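**Student:** Predicted model, plus sequence, below.
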Amino acid sequence: MSTVLRAEGVVKTYGRDLRAVAGVSLSVAPGEFVAVLGPSGAGKTTLFRCLTGLTRPDAGAVLLHGRDLCRLERGELRRARREIALIFQQFNLIRRLTAQQNVLAGRMATVATWRVLARHFPAADRTLALRCLERVGMLERAEARADQLSGGQQQRVAIARALAQEAAVILADEPVASLDPESAATVLDTLRSVAAAGVAVIASLHQVHLARAYADRVVALRDGRVLHDVPVAELDTRALEQIYGRSGDAA
């Protein structure tokens, strides 16, 4: 199976003693949904920042289509990062803008600055934004302001924005942590369908039952290290005890 994004021995230390990520290696292929599990403080968010190039690792490599993001100059890194979309727990939408206008933000790296400032995007981009909203079931709310949408609807708009970016990889950092169970299921159904269409998806989750329901593979972190990297069917009680220190499902 081909790999679109791969981390090799990634290390990130803060200060003199806090090693948030300690030699993590993982990979994701096109069309694969990988869930990253681990207790709070396991290093999930820091790892995601390293994978997107927002944080430069102290050691190791992050390879996108075989190119090490850690070795790219600023302009090259900016262009490479167009292929990696990041979805946040708190949606990061501009509340006063419509759903379509928020999705068009995913095209910012490909259009002239004056068009961004004037919100005058080409017709092709506006059409693409509508198609992306349709893919996530939000076309009928295209003209609704973000602050008029529920949390789950806002997160689906954020996914549509990632699709408009035409990224090869979507990193979702706790995308359902602030949602009710029904909305969480809808958002993960959407990410699952995105993966089925050929986009690589990596999502950090706290809820083990959601990882079991939606992921192809699970990467489990604890204290900044990979404890398990297994198909979801192999995530057993013993593995959960090692990850969380107890056999029960994680909250």
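**Tutor:** Sure, I can see it.
**Student:** As a check, name the ranges of all helices in the stretch 51-200 of the chain.
**Tutor:** 74-80, 99-104, 113-118, 123-135, 151-164, 181-196 (DSSP state H, counting those that start in this stretch).
**Student:** Sheet partners, orientation included, of the following helix or strand past the longest one?
**Tutor:** The C-terminal neighbour of helix 181-196 among helices and strands, as given by DSSP states H and E, is strand 200-204. Sheet partners assigned to strand 200-204 using DSSP bridges are listed as strand 33-37 (parallel), strand 169-173 (parallel).
**Student:** Can you tell me what sits against the last one?
**Tutor:** Pointing back at strand 169-173 there. 4-5, 28, 44-45, 48, 51-52, 64, 83-89, 159, 162, 191, 194, 199-204 (Cβ atoms under 8 Å, 6 or more residues apart in numbering). Any C-beta I mention is one placed from the backbone N, CA and C, and that applies to glycine too.
**Student:** circling back to that earlier point, weakest of the helices of the stretch 51-200 of the chain by average pLDDT?
**Tutor:** Looking over the helices of the stretch 51-200 of the chain, mean pLDDT reaches its minimum on helix 113-118, with a mean of 52.
**Student:** Now Val176: closest residue in space that isn't a chain neighbour?
**Tutor:** Spatial nearest neighbour of Val176, excluding adjacent residues (Cβ to Cβ, 6 or more residues apart in numbering): Ala184 at 3.7 Å.
**Student:** how about the one you found, what does it touch?
**Tutor:** By Cβ under 8 Å, 6+ apart, Ala184 lies in contact with 152, 176, 207, 210.
**Student:** That one and Gly151, how far apart?
**Tutor:** According to Cβ to Cβ, to the nearest Å, Ala184 and Gly151 sit 9 Å apart.
**Student:** Can you say which of the contacts of strand 169-173 are buried?
**Tutor:** 4-5, 28, 44-45, 48, 51-52, 64, 83-89, 159, 162, 191, 194, 199-204 (16 or more other Cβ atoms under 10 Å).
**Student:** Was I right to think Leu130 contacts Arg141?
**Tutor:** No. Contact criterion Cβ atoms under 8 Å: Leu130 and Arg141 do not qualify, at 11.3 Å.
**Student:** did I read that right, Gly23 in a strand?
**Tutor:** Yes. Looking at Gly23 with DSSP: H, G, I helix; E, B strand; the rest coil, it is inside a strand.
**Student:** That one: neighbouring residues, count only.
**Tutor:** 15 (other Cβ atoms under 10 Å).
**Student:** With adjacent residues omitted, what lies nearest to it?
**Tutor:** Gly9 (5.0 Å).
**Student:** give me every residue that touches the one you found.
**Tutor:** Applying Cβ under 8 Å, 6+ apart, the residues near Gly9 are 23-25, 59-61.
**Student:** re earlier: of all the helices of the stretch 51-200 of the chain, which lies closest to Glu32?
**Tutor:** Glu32 lies closest to helix 181-196 among the helices of the stretch 51-200 of the chain, at 6.5 Å (Cβ to Cβ).
**Student:** May I see the buried residues of the closest one?
**Tutor:** For helix 181-196, by 16+ other Cβ under 10 Å, it's 183-188, 190-192, 194-195.
**Student:** gap between Asp173 and Leu47?
**Tutor:** Counting by Cβ to Cβ, the gap from Asp173 to Leu47 is 10 Å.
**Student:** Among these two, which residue is more densely surrounded?
**Tutor:** Shown here are Asp173 and Leu47; by other Cβ under 10 Å, Leu47 has more neighbours (30 against 21).
**Student:** Adding distance to Asp216, write the helices of the stretch 51-200 of the chain out as JSON lines.
**Tutor:** As requested, the helices of the stretch 51-200 of the chain are exported to JSON lines (distance: least, Cβ to Cβ, whole Å):
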{"stretch": "helix 74-80", "distance to Asp216": "25"}
{"stretch": "helix 99-104", "distance to Asp216": "27"}
{"stretch": "helix 113-118", "distance to Asp216": "36"}
{"stretch": "helix 123-135", "distance to Asp216": "20"}
{"stretch": "helix 151-164", "distance to Asp216": "18"}
{"stretch": "helix 181-196", "distance to Asp216": "8"}
